[in-house]
Structures are given as structure tokens and as C-alpha cells.
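Enquirer: Got a sequence here, can you model it:
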Amino acid sequence: TAAAGMAAAVAAAGRGIGPGAAAAAAANLDDLMPGEDDLLYEEELLRNPYSLKMWWRYITARADASERRRHLLFERALRALPGSYKLWYAYLSERRSAVRGLAPNHPALTALAHTYERSLVSMHKMPRVWLDYLLLLMDMKKVTQARRTFDRALAALPITQHDRVWVLYLRFLAQPGIPVETAVRVYRRYLQLEPTHAEEFVAYLKQKERWGEAAKRLSGMLNDDAFRSIEGKSKHQLWLELCELITKHPAEVLAERIDVDAILRGGIRKYKDEVGRLWTALADFHIRRGAFEVARDVYEEGLAAVATVRDFGLLFDALSHFEESLLAAKLAAGGDDDGAMETEEEAADDGADFLLTDGGDDVDLRLARLEALAGRRAALLSAVMLRQNPHNVTEWHKRVKLFAGDPTKQILTYTEAVKTVDHDKAVGKPNSLWIAFAKFYEGHGDIANARIIFNKAVQVPYKYVDDLATVWCEWAEMELRHNNFKSALQLMRRATEVPQRPRKLSQEEERQLPVQERLYRSSKLWAFYADLAESLGTLESAAAVYDAMLELRVATPQIILNYALMMQEAKHWEAAFQVYERGTALFKYPHVADIWTAYIKSFVARYGGSKLERARDMFESALKDCPPEQAKPLFLEYAALEEQHGLARHAMQVYERAIPAVPKEQRLSILELYVSRATDFFGIAKVREIYETAIESEPPADLPEEDVRNLCVRYAQLERKLGEIDRARAIFVHGSHLADPRRAR
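Expert: The predicted structure is shown next:
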């Protein structure tokens, strides 16, 4: 029985090592028979032939035996234990090592492949055996057999172990000589298991120039919201990759029935940062197809849709290059056709030359189209700026200037501007559009339409009252330019008419009203009305306008001065003084300072010293709430009035009051004037009193230390001139206490 088993094992081993080796084994059967050293193992195996441990010890003990002897032992062991992974793996590994480095078509490799097939009868659930077998087939360059074996492995192994097979499968597909169609089909199956690896498939398709399917796969990846790139690419990068692929290979993409136009337009709507590039890609797609007119339409549509200067520049340059290329190609083709045209003209002697024919010579048209495109650049760029912000008033004015010489386009632009600009969102003054629109008609001599524009402009709900007032003033100025003085005054009366209300509204309630309801309180409008009334009307009508402003409390200090000046020019002195009085009651410091100054100068100039008490009351009222910074001119004028028309003693009192009432830095100048006037009127005794009072003054009426030192020096010099050396010395001693030798000079 043992001899028969060994004979069968020898035959099996012979099948594993080839026909020649099998014949040699049969001839040398005695060499393969067990020796005396093997009897112990053989007897044990006869008693227990299914002991893996004994077979393994037997094989391990014969590690130094010949290759054929060891293969025979493995075959005998596997015949008894065909389900032992340990034996199969060790046997196959040893056989694999033995054939390493042989040519792919060597018979030993084929025999090893047969052995792997025998092992898979029982080892079909072992991924390591499948992987080793697949590696062997890849080394043998057996493409079809390897592909079928990969499929068998995937069918035999559980899906949890498929990833190990697919790694090798994809490596197999990357080998040279693998049919592209086979690889594509296998990749499609792989993506059913690993859809996230679609980018690998796309890269393979690009490598094999299968552009249509690559574009289709990319499109599917972009449409799948759950797709996440394992290479870290964003959807934006995938879009750009798809655009590049579509534009460079339009024929292959269209063969896959891909709606390129819908894909690119979807990208344009989604990716606002790459709008210009996507429009250019769409146009380039049509150019490569030969659809030049469609490409031109796409360029024009893109120029009308982009909203950034960068995208506009990209599109405009691409369109210009496209037109130049078409023109250059046409010129080059025209030069080649000249000879053929001359031959046809010589042959055409049958009298048919009077018929109208289209020779396809459209060079002039293409030149005109290119020139028109260059001429439209500024207008197209202006449209882009307005798409960024349609409420930009300055850009609308610039756009109107672009159409200088074309009144129709200017009118259409103004019309679109005043309809588009939202006054709450406007950048700039929206009323300037209405004014410029009306002046446009005025400049063309159409006053009637200018009035219509102004009439519509004053009904617009502006954001600020000043904007509406400016429109009314411009309307009135237009009437003045055309000598329609009555119309100008009527406009101002209409604009300043006080609305009738059932009750008096609070300031907060009045702010909620439209600007037309608040226009009557516009100081700018009333000031213009007052100028018109003063220039074109009577004194009474102008005074009525000024009085209305005072009643509404919209007058400014300048209005008060203008009103009073008008009355003075008309010799209505008391009326002018009443205006000043109303102004001083209406305003507070610092705004009332100019009114008091003008009032006092006018009164003194008019009456001099005849109404001295009234003038003194005016000065006292002006100085009552006057801040120190504005008090000096009033005190000096007050003192001058007393010197000229009053008493010197009163003038000295005014100077004395002025010193503590003005800021510290102004006190020295008043004191010097005070000393000068005291010298003229009262002599040295009063001067000494002034100096001593100033030097010894206490806060808040004191002078800066530097000014006090200067006063001490001047006082001492005065006493020295008078020969009072002791007094001068005492003054110097007193002043030295205020001087620091390290700082004072």
C-alpha cells in the first residue's frame, strides 16, 4: 500500500515538474524511496496518515533533501490533507521560489500554474493563494487567463476581502498591452464597489484618450452632491477640469451625447468667481466644432452678463482674438483664391456675368465687425460697472458721456438711469441725473421737455430734502437763463408753500413724512427764493419772504445779515435794527457773534453818541452771554465808543472788565492798551494802580507768569525813567520771585 501511494505521489510530483522531470523520476524511483532515516516517520504516518503535525515534522526534517524529494513529500502530505492551508502555502511558496527568474514561457511556470489550480479546489476561500496565483499569471503575461482568474477570485472571496484583489487588479490594468476596452469595463465594475475612486478612472480615461467617457464621468461626479474627492479636489477644480476637457475635445464629448451647453451654463450660475473663464470655455467649445456664429453669440451673451472687470477683460480679449483670427484666415484664403477667380473670369464668356453671385468675400464685413467691437469697448465696460452697482450715479453720468454725439442713446440712457437708481441705495446724488437730463433738453433748445423732466423730478421721493431743494433751484435757474422771471418766482412760491395740516406734528412725526412735505423748511430753497425776491421783486415782497423765513425759523445768521443790509440800503434803519434784534433773539453764541458785531457797527455808525445809552445797552446785552474767546472785539469797540462819545472813566471801567473776561493769552494786549489810555487820560498815578493790580491779581483774573515778569520789567523801567530808583528796585525784587533762573530769560 505504501509503495502504491508513493507511486501515485511520484506521478503527481511528475505532473508538477514537467514531462522530462517525470521520466527522470520514474527512472530514478529508487532515489525517491524512503531510506532508513525515514522509516520512523513512514511507520508513524502508516498508523496515522492524517496527522498534520507528523507530516510537517517529516517535511521539516528533510529540509536538506533534494527538490524532487521535498516536492514528493508535499504531494503525499496534500493527498492525505488537501484542506491544509499551511501545507499548501509552504508548498506553493517553495515552488514559487524555485521558478523565480525564469522566462514567462518556461514550462516550470505553467506547471506551477496547474499546481495553483489544484490548490484552489480546496483553498478558494484563501485570498493569499489567489493573490500569489494572480501575481504569477501577471508575470507570465497571461492577460486573458489573468482577467478570468481575477473574476473567479472576486466571485469566490467574500466582499470584505475584495479590496485586496482590486488593488492588484488595477495594477494589472495599468500594465502595457492590456486592451483599453477591457480595462474600461473592469473599471466600471470597480466603481460599483468604490464609487469614490472615480477620479482614478477619469485619469485612466484621459491617459487612454477616451475623452467622451471621461467628460461623462466628471459630469456625474459634479452632479453627485455626496461625492467627495479623495485627491482633495474641490468641486470648483473639477468644474475647471471638465471645462478644459470639453473645450479641447468637442467631437468626442458630443459623441457621448453630453449636453455641454447645459453643463457650462450651470457652472456659470454656480461659480461666480470663474464666470469669464467658463463663458470663454463655452465659446471655445463651439469654435472647435466650427460653429463660429454660435461662438460669437456666446461671447456677446457673456459680455452682457459678466459683472467684474476681470471677467470682462478676459472675454473681450478672447472675442477680439477670435475676430482677428477669422479675419486673418479669410485674408490668407483670399490670396490663394485670386488665381482661381481670374481663370473663372476668363472662362465666363457666356454672358452670365450680369447675375448677382455670392463669392464669399466678406473681408470688409469682418473688418467692420472688428472695428465696431473696438469702438464698443468703453460702452461694454460701463455696462459691467453698472451691473456691479446699478445705483452708482457717477457711472451713469460717465455712460451718458460715452454716447456724446448720439442724442437718442443719451436720452435712452438717462431714462434707464432715472428708472433704475434706487434713492435709498444710491451712491452719489440721484437728483443730479434728473438735473442733467433736463439740462440735456435745454442744451438742445427743447425747453418744454426740460420743464416736463423737472416736473417729474420734483415728484421723486428723494432721501434728503436738500436733493429736492436743489432740483427746484435748478429749475428756477433754467427759467432765469431764459428770462422767464415771473415763472422763476412762481416756482419758488410753489416750492416754499407751507402744507396745510390738521394739527402740528412733532419733529419725529415730521421726519417720517416724504421730502415733498418737508421741503418748506429747506434753508437752501428759502435763501434762493430770498435772492430772487430781492433781485426781481419789490422791497415789500422781499421783506415778506425774509419774514416768512424768520417765522418758520429756517433763517441762518447770513440770512439775518442779508435782510438787515437790504433794509439799510433802502434807508429803513429802524427796520434793519429790528431785524438785528430778531436775529439776536433767534440765535445763540457762537452763531450770533456776527449779528451783534454788524448790529453794533451799524447802530454806532448811524447814531454815533446821540443814543449813547441805547448803545451801552446793546453792548451789555452782547457781552452778557458772550464766551471769552469772542469777547475781546466787543470790549474794544465798547471802550472805543466810550472814548469817542462817552466818559473816559467809563472807558477805563470797560478795560478793567475786559481783562478777566478774555482768555489769559489775550489779557496782556488789553492791559497794554489799558495802560496807554490811562497814561493819556489820568497820568502816572492811574498807571501805577493798573500795573500793581495786574501784577498782584489772583486767579481767575491772573496773567501768565511770563506776562507778569514782563509787566514787572516794564513797570520798573517806567519808575526808573521817573527817577524812582527805590521803587524800581522793589519791583525787580518782587519780579525775581516769579523767575526761575534755569528757565526764565
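
Enquirer: Pro49 is in contact with Arg79, isn't it?
Expert: No. Assessed by C-beta atoms under 8 Å, Pro49 is found out of contact with Arg79, at 9.3 Å. Any C-beta I mention is one placed from the backbone N, CA and C, and that applies to glycine too.

Enquirer: who has more neighbours, those two?
Expert: The residue with more neighbours, out of Pro49 and Arg79, is Pro49; 16 against 13, by other C-beta atoms under 10 Å.

Enquirer: where does that one land in three-state SS?
Expert: coil (DSSP: H, G, I helix; E, B strand; the rest coil).

Enquirer: Just give the closest residue to Ala417, not the sequence neighbours.
Expert: Trp396 (4.1 Å; C-beta to C-beta, 6 or more residues apart in numbering).

Enquirer: In the stretch 51-200 of the chain, what residue spans correspond to helices?
Expert: Counting by DSSP state H, counting those that start in this stretch, one finds helices in the stretch 51-200 of the chain at the ranges 52-61, 67-80, 85-98, 107-123, 127-139, 143-156, 162-173, 180-193, 198-207.

Enquirer: which of those is buried the deepest?
Expert: Counting by mean count of other C-beta atoms under 10 Å, helix 67-80 has the highest mean neighbour count of these, with a mean of 21.

Enquirer: tell me the angle it makes with helix 85-98.
Expert: 150 degrees (axes from the mean of the first three to the mean of the last three C-alpha atoms, to 10 degrees).

Enquirer: helices or strands next to helix 67-80 in the packing?
Expert: helix 2-17, helix 29-32, helix 52-61, helix 85-98 (3 or more C-beta pairs under 8 Å, 6 or more residues apart in numbering; DSSP states H and E).

Enquirer: By mean pLDDT, show me the worst of these.
Expert: Across the helices and strands packed on helix 67-80, helix 2-17 has the smallest mean pLDDT, namely a mean of 46.

Enquirer: picking that back up, could you export the helices of the stretch 51-200 of the chain to CSV, including columns for distance to Glu672?
Expert: Below are the helices of the stretch 51-200 of the chain laid out as CSV (distance: least, C-beta to C-beta, whole Å):
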stretch, distance to Glu672
helix 52-61, 128
helix 67-80, 131
helix 85-98, 120
helix 107-123, 123
helix 127-139, 113
helix 143-156, 114
helix 162-173, 104
helix 180-193, 102
helix 198-207, 93
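
Enquirer: Glu474 is nearest to which of the ones you listed?
Expert: helix 198-207 (65.3 Å; C-beta to C-beta).

Enquirer: Could you double-check that Leu491 lies in contact with Glu477?
Expert: No. Applying C-beta under 8 Å as the test, Leu491 and Glu477 come out as separate, 9.9 Å apart.

Enquirer: Neighbour count: these two, which is higher?
Expert: Taking neighbours as other C-beta under 10 Å, Leu491 and Glu477 compare with Leu491 leading, 23 against 14.

Enquirer: Run through this structure and note the low-pLDDT ranges.
Expert: Counting by pLDDT under 70, the chain has low-confidence residues at 1-32, 334-361, 502-503, 740, 742-745.

Enquirer: Which residue comes closest to Ala575 once chain neighbours are left out?
Expert: In space, Ala575 is closest to Met567, 4.6 Å off (C-beta to C-beta, 6+ apart).

Enquirer: Okay, Ala215 and Val260: tell me how far apart.
Expert: 8 Å (C-beta to C-beta, to the nearest Å).

Enquirer: Please enumerate the shared neighbours of the two.
Expert: Common contacts of Ala215 and Val260 (C-beta atoms under 8 Å, 6 or more residues apart in numbering): Ile246, Val253.

Enquirer: Neighbour count: those two, which is higher?
Expert: Taking other C-beta under 10 Å, Ala215 and Val260 do not tie; Ala215 has more neighbours (27 against 21).

Enquirer: That one against Glu244, yeah?
Expert: No. Assessed by C-beta under 8 Å, Ala215 is found out of contact with Glu244, at 10.2 Å.

Enquirer: count of residues packed around the residue nearest to Ala575?
Expert: Neighbours of Met567 (other C-beta under 10 Å): 23.

Enquirer: Now do the phi/psi pair for it.
Expert: Main-chain dihedrals, Met567, degrees, to the nearest 10: phi -70, psi -40.

Enquirer: gap between it and Val604?
Expert: For Met567, the distance to Val604 - C-beta to C-beta - is 17 Å.

Enquirer: swap in Arg310?
Expert: 70 Å.

Enquirer: more neighbours, those two?
Expert: Val604 (20 against 13).

Enquirer: just checking, that one touches Leu641?
Expert: Yes. Using C-beta under 8 Å, Val604 is in contact with Leu641, at 6.2 Å.

Enquirer: Mutual contacts of those two, please.
Expert: By C-beta under 8 Å, 6+ apart, the residues touching both Val604 and Leu641 are Ala615.

Enquirer: Check the separation of the first and last residues in stretch 189-201.
Expert: 11 Å (C-alpha to C-alpha, to the nearest Å).

Enquirer: which residues touch that stretch?
Expert: 159, 162-163, 166, 169-170, 187-188, 217, 220-221, 227-231, 233.

Enquirer: residues in contact with the closest residue to Ala153 other than its chain neighbours?
Expert: Counting by C-beta to C-beta, 6+ apart, the nearest residue to Ala153 once its immediate chain neighbours are dropped is Trp130, at 4.2 Å. The neighbours of Trp130, taking C-beta under 8 Å, 6+ apart as the test, are Leu120, His124, Thr149, Ala153, Ala156, Leu157, Val165.

Enquirer: Can you tell me how far the closest residue in space to the first one that isn't next to it in sequence is from Trp166?
Expert: Take Leu120 and drop its neighbours on the chain: the residue closest to it by C-beta to C-beta, 6+ apart is Val129, 6.6 Å away. If you measure Val129 against Trp166 using C-beta to C-beta, the figure is 17 Å.

Enquirer: Kindly report the same for Arg511.
Expert: 74 Å.

Enquirer: Show the contacting residues for Tyr41.
Expert: Tyr41 neighbours (C-beta under 8 Å, 6+ apart): Pro34, Met54, Arg57, Tyr58, Ala61.

Enquirer: Check the spacing between it and Glu94 real quick.
Expert: 19 Å.

Enquirer: C-alpha coordinates for stretch 681-688, CSV please?
Expert: Extracted C-alpha coordinates of stretch 681-688, given in CSV (Å, rounded to 0.1, in the frame of the first residue of the first chain):
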residue,chain,number,x,y,z
PHE,A,681,-6.3,160.4,30.3
PHE,A,682,-5.2,160.1,34.0
GLY,A,683,-1.4,160.2,34.4
ILE,A,684,1.1,158.2,36.4
ALA,A,685,-1.0,157.5,39.4
LYS,A,686,-3.6,155.6,37.4
VAL,A,687,-0.9,153.7,35.5
ARG,A,688,0.8,152.6,38.8
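
Enquirer: Make 46 the first number, not 1, from now on.
Expert: Done: numbering now begins at 46, and the last item shifts to stretch 726-733.

Enquirer: Give me the contacts around that stretch.
Expert: By C-beta under 8 Å, 6+ apart, stretch 726-733 touches Ala693, Ala696, Met697, Val720, Ala723, Thr724, Tyr760, Leu763, Leu767.
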